[in-house]
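1. Just need the structure, nothing else, for what follows:
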Amino acid sequence: MRAASHVMGSGSLKGEGTLNPEPSTDSVRSRFKVQGSGFKVLGLLFFLATLPCTAPAADLSGPFDAANKLYEQGRFAEAAAAYDKLLPEAAGSAALWFNLGNAHYKAGQNGRALAAWRQAEGLAPRDAGVRFNLAFVRKRVTGAESAPGPFWQRALRTLTLNEWTVMVAVGLWLWCGLLALREFRPALRRTLSGYTATAGAGALLLAACLTGAAATQWSARPAVVVAPEAIVRSGPLDEAKTLHQFRDGTEVQVLDAKSVGSQAAEWLQIQDAAGRTGWAKADQLVRLKNPFRR
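-> Residues are numbered from 1 along each chain as shown. A predicted model of the protein is given here:
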């Protein structure tokens, strides 16, 4: 695996099979901006890109530099805690999530690192460093670099919703342009008939892909196992039969949630990429925020 040439916070992957993220305070500070994920506005003819938000009102450069210093000193668990304290005021910063993932990884917490990098990916979906680190840790956990899920879901995730929207808009404009040309130049109708039909079919296919991608993302309730071995049971009870053990870093979908017992312990019904389902205690997982769900 080649080393990533760009990461948020000057993290780098050095050597084959070795992750060595080392944030540089200078380059990190210059990128410490809040990038709001927001709700993506979709349309067939118009495309509105999500605009980045302004920097946080509070000056967080001091605490951010202090967290970076802890990281550079090899105090990775403390650095992760320091980055985590900044999240309430800067949860829209991909750089902050990226560095948090770096610190968790160096502290030996694959699941928490993967969860943080997935949040960074949501804010910076085309960042090469984020994508490389995700692929690297996924290979360590599952043996595969790609995100879990069937092939068609992985194919739909190759583009963001905004990118699918642009593709649909281009296809529709091309189809409408060919239809208009046929009307203005009747002599070309026979020549353009095949192109027009192909453009219409292509626009319809792209629209179906956009619909599928939107439905997949809106319905997603992702979570990541952060316990060394998460015990998955047949029901939301400690006495229920043990069905599976999911290792640290396993990516799952949350199907249901229940609070059980006098202490109202929360249990989550989860499903992994292989379709195995069961109930696990909520403190064994980190639930990822879905910007399309409240």
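2. make it CA atoms for all contacts and neighbour counts henceforth
-> OK.
3. By residue count, tell me the biggest strand in this protein.
-> Longest strand of the chain, by residue count under DSSP state E: strand 251-260.
4. With only the CA atoms kept, save that one in CSV.
-> Output in CSV follows, covering the C-alpha atoms of strand 251-260 (Å, rounded to 0.1, in the frame of the first residue of the first chain):
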residue,chain,number,x,y,z
GLU,A,251,-18.9,-1.7,11.3
VAL,A,252,-22.6,-2.5,11.8
GLN,A,253,-26.0,-1.0,11.3
VAL,A,254,-28.3,-0.3,14.2
LEU,A,255,-31.8,-1.9,13.7
ASP,A,256,-33.4,-1.1,17.0
ALA,A,257,-32.7,0.2,20.5
LYS,A,258,-34.2,-0.7,23.9
SER,A,259,-33.6,0.4,27.5
VAL,A,260,-33.9,-2.6,29.8
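5. Now that strand: buried residues?
-> Residues of strand 251-260 classed as buried by neighbour count (16 or more other Cα atoms under 10 Å): 251-254, 257.
6. just these now: which is nearest residue 66?
-> Lowest distance from residue 66 to the buried residues of strand 251-260 (Cα to Cα) belongs to residue 251, with 31.2 Å.
7. Could you measure from the residue lying farthest from the centre of the chain over to residue 193?
-> Distance from the C-alpha centroid of the chain, by Cα atoms, centre = their mean, peaks at residue 187 (50.5 Å). As judged by Cα to Cα, to the nearest Å, residue 187 and residue 193 stand 11 Å apart.
8. Return the distance of the longest helix anywhere in the chain from the chain's centre.
-> Ranked by residue count and defined by DSSP state H, the top helix of the chain is helix 189-219. Averaging C-alpha positions (Cα atoms, centre = their mean, to the nearest Å) puts helix 189-219 26 Å from its chain's average.
9. Ok, stretch 247-262 next?
-> 19 Å.
10. Would you mind checking the average pLDDT for that stretch?
-> Regarding stretch 247-262, the rounded mean pLDDT is 89.
11. And stretch 104-118, by the same measure?
-> Here the average pLDDT along stretch 104-118 is 96.
12. Now do that stretch: distance from first to last residue.
-> Start-to-end span of stretch 104-118 (Cα to Cα) is 13 Å.
13. got it, and stretch 271-286?
-> One end of stretch 271-286 sits 14 Å from the other (Cα to Cα).
14. what's the domain layout of this protein?
-> According to automatic domain parsing, the chain comprises the domains 25-142, 161-219, 222-287.
15. can I get those in JSON lines with distance to residue 149?
-> Putting these into JSON lines (distance: least, Cα to Cα, whole Å) gives the following:
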{"stretch": "domain 25-142", "distance to residue 149": "12"}
{"stretch": "domain 161-219", "distance to residue 149": "11"}
{"stretch": "domain 222-287", "distance to residue 149": "5"}
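16. Tell me which of those domains lies nearest to residue 153.
-> Closest approach to residue 153 among the domains of the chain (Cα to Cα): domain 161-219, 7.6 Å.
17. what about the closest one, distance to the chain center?
-> Taking the mean of its C-alpha atoms, domain 161-219 sits 29 Å from the chain's own mean (Cα atoms, centre = their mean).
18. quick check: mean pLDDT across it?
-> Taken as a whole, domain 161-219 has a mean pLDDT of 92.
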